[in-house]
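>>> Next one to model:
(chains A, B, C and D)
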Protein chains: 2
Amino acid sequence: MSITESHRVEQLDAGLSFAATPALRIAVVDRDTGFGTVLRRRAESLGWQQRDLTQVPAIDALVSMRLHALVIDPTLLGPQWAETIEYLRGNLPEMAIVVTTAPSSVGQRVRGIRAGADDWITKPCHPEELIARIESIMRRRKPAQGLTREPILAGDLSIRADQFQAFCEGRSLDLTRREFELLHLLADNPGNVLEREEIYQRVWGFQMAHGDRSVDVFIRKLRQKITLFSPGWDYIHTHFGVGYRFSPELPVAEKPVSAKAASAKRKAASVGKAAA
Amino acid sequence: MSITESHRVEQLDAGLSFAATPALRIAVVDRDTGFGTVLRRRAESLGWQQRDLTQVPAIDALVSMRLHALVIDPTLLGPQWAETIEYLRGNLPEMAIVVTTAPSSVGQRVRGIRAGADDWITKPCHPEELIARIESIMRRRKPAQGLTREPILAGDLSIRADQFQAFCEGRSLDLTRREFELLHLLADNPGNVLEREEIYQRVWGFQMAHGDRSVDVFIRKLRQKITLFSPGWDYIHTHFGVGYRFSPELPVAEKPVSAKAASAKRKAASVGKAAA
DNA sequence: ACTAGGTGTGAACGACTTGTGAACAAGACC
DNA sequence: GGTCTTGTTCACAAGTCGTTCACACCTAGT
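Below is the predicted model:
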């Protein structure tokens, strides 16, 4: 029983730090601007940002909005509404999709939810309930979302999220935003192999299209810039058929041997470098 | 638009393998046994396990049920219903909580959802909608994979899903992706004999063609690489006419009874000779 | 034992993945 | 309107890996 007790305490603690929903960005797609207005009053008092739209934007535009939730009336989507929801869900798996409609049939609701909607609310609907339901969905979010805000030190590099930039011995690597986000993601999971799909998903924000080489190209740019400032280290390692792994290592000219030998060589190399 | 198209197709593919929600365990707490009965018919046809209860069990009992979702009517919880939900949510953060009630006020719904309910459905409610909503909640959970993400220790090996690689005393076995996935699948079901068909299905992702020997070939490659790093252990065992079984065993030099052991010995001897 | 079919093994081909440079498109800024 | 920066797409080269095939060997039932 004491175990259960300690359980509870921990859980509640975790719950509290979670419950304080941070400011969310939502968009309302509806013809009835009145509903958006009412909702906005409540949302903004919570510090949320709300955007009112009269149609669903293109995926790229949606991505750049970095929404947490989309509130949508499917009557605006035409007969292909379910496919549209499926499409949105596929490309923005992190974004909550809340459907609001006039009274609907069970079949419609099931179809919408199966297509990827997180909730289906019948209008008229109290804004407070809508907000509570969005919070409920957000609560389920995988916490893996955020990356460290702390500076990351790896090899000769320091990666600073607060600056959106990486430095080597105080000098900026002059990374672009995407380059930095890619490096930050990799460096935040040192030693782990990240698949291309996941990288794309987390840096670009949507599903990777088949044959897209963007990740490879940015890896090349990253390696180029990093090598320029910090040669003598291998930071990004390719895993054939899988993806990339970040892990600062001294390239062993001879052959991959035991970790002990590698570390010895590392010491030697760094000494040599210091001397030079 | 062609990009968007290929996008979509992939999504549907991914969606399919996703949509097949694995068997869930749910419990229904309600006075109206009729609702539970109707729901059970649908749930069991999906392979779900359902348990009908007339009151909320103690936390320990709930924990041991390992439920994915709890469907509950708050009128059974008395005046402290919201606190009870909060308590459940705190102690079982992974479990979905779905509230079903007769028509209720906005205030009640908001309170219930804020307390931790994942959804609030008004009765009467179609079982299909309830199921769809539970699936929607489950969709937000990450893993979705059938395999463990935790490192697996077996004999001298450690198999790490996060690295897509197996190690023996810290040294990488240098497995390719397929090799690793095969080993991972086997090692995740230690002691179980997996049929070729199933292996192919789960590693390659589609139906095995008649006469396909890929599984055999990869088993050989695996055994080769594993033996290289960890001789002295038998990890993968052949079951004639069936498939393979993973189970780290120390081959007993004594028992010459089994023909299998004999052939293994012969093999080892010939390898040794070749090396010498 | 004998045989039919299942399994182990090695090698070779071909398909796919990745690295790389450069052209192209889209915005930001002056 | 230009120019610069940034991100995307293309084409080609160089590797890597997966599949297939042939053949030897083993198993199980007759």
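
>>> for whichever residue of the stretch 101-250 of chain A sits closest to DNA strand C, what are its contacts?
Nearest residue of the stretch 101-250 of chain A to DNA strand C (CB to the nearest atom of the strand) works out as A:T238 at 3.6 Å. Heads up, the C-betas are built off the backbone N, CA and C, glycines and all. Neighbouring residues of A:T238 by CB atoms under 8 Å, 6 or more residues apart in numbering or on different chains: A:219, A:244.

>>> quick one: the strands in chain A?
For chain A, applying DSSP state E gives strands covering A:25-29, A:49-53, A:69-72, A:96-101, A:119-122, A:152-154, A:157-160, A:165-168, A:171-172, A:193-195, A:234-239, A:243-249.

>>> Can you say which of those strands is packed in most?
strand A:69-72 (a mean of 26; mean count of other CB atoms under 10 Å in any protein chain shown).

>>> From the contact counts, what lies against it?
strand A:25-29, strand A:96-101, helix A:127-139 (3 or more CB pairs under 8 Å, 6 or more residues apart in numbering or on different chains; DSSP states H and E).

>>> Quick one: these as TSV, columns for distance to chain B and mean pLDDT too.
Output for the helices and strands packed on strand A:69-72, formatted as TSV (distance: least, CB to the nearest CB, whole Å; pLDDT from 0 to 100):
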stretch	distance to chain B	mean pLDDT
strand A:25-29	16	91
strand A:96-101	9	96
helix A:127-139	4	94
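
>>> Tell me which of those sits nearest to A:T75.
strand A:96-101 (6.9 Å; CB to CB).

>>> Strand partners (parallel or antiparallel) of the closest one?
Paired with strand A:96-101 in the same sheet, following DSSP bridges, are strand A:69-72 (parallel), strand A:119-122 (parallel).

>>> re the thing from before, does the residue of the stretch 101-250 of chain A closest to DNA strand C have beta-bridge partners, and which?
Going by DSSP bridges, A:T238 forms beta bridges with A:Y244.

>>> would TSV of the helices and strands packed on strand A:69-72 with distance to B:T101 be doable?
Below are those laid out as TSV (distance: least, CB to CB, whole Å):
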stretch	distance to B:T101
strand A:25-29	27
strand A:96-101	20
helix A:127-139	14
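
>>> right, so of those, which gets closest to A:L182?
Between the helices and strands packed on strand A:69-72, strand A:25-29 lies closest to A:L182; by CB to CB that is 22.8 Å.

>>> and the angle from that closest one to strand A:49-53?
20 degrees (axes from the mean of the first three to the mean of the last three CA atoms, to 10 degrees).

>>> Give the other helices and strands that strand A:25-29 contacts.
Right, strand A:25-29 is packed against helix A:33-45, strand A:49-53, strand A:69-72 by 3+ CB pairs under 8 Å, 6+ apart.

>>> Nearest to B:P103, out of the ones you listed?
helix A:33-45 (21.8 Å).

>>> what's that closest one in contact with?
Contacts of helix A:33-45 (CB under 8 Å, 6+ apart): A:26, A:28, A:30, A:49-50, A:52, A:71, A:100, A:123, A:127-128, A:130-131.

>>> quick one, phi psi at A:P103?
Per-residue torsions, A:P103: phi -40, psi 140 (degrees, to the nearest 10).
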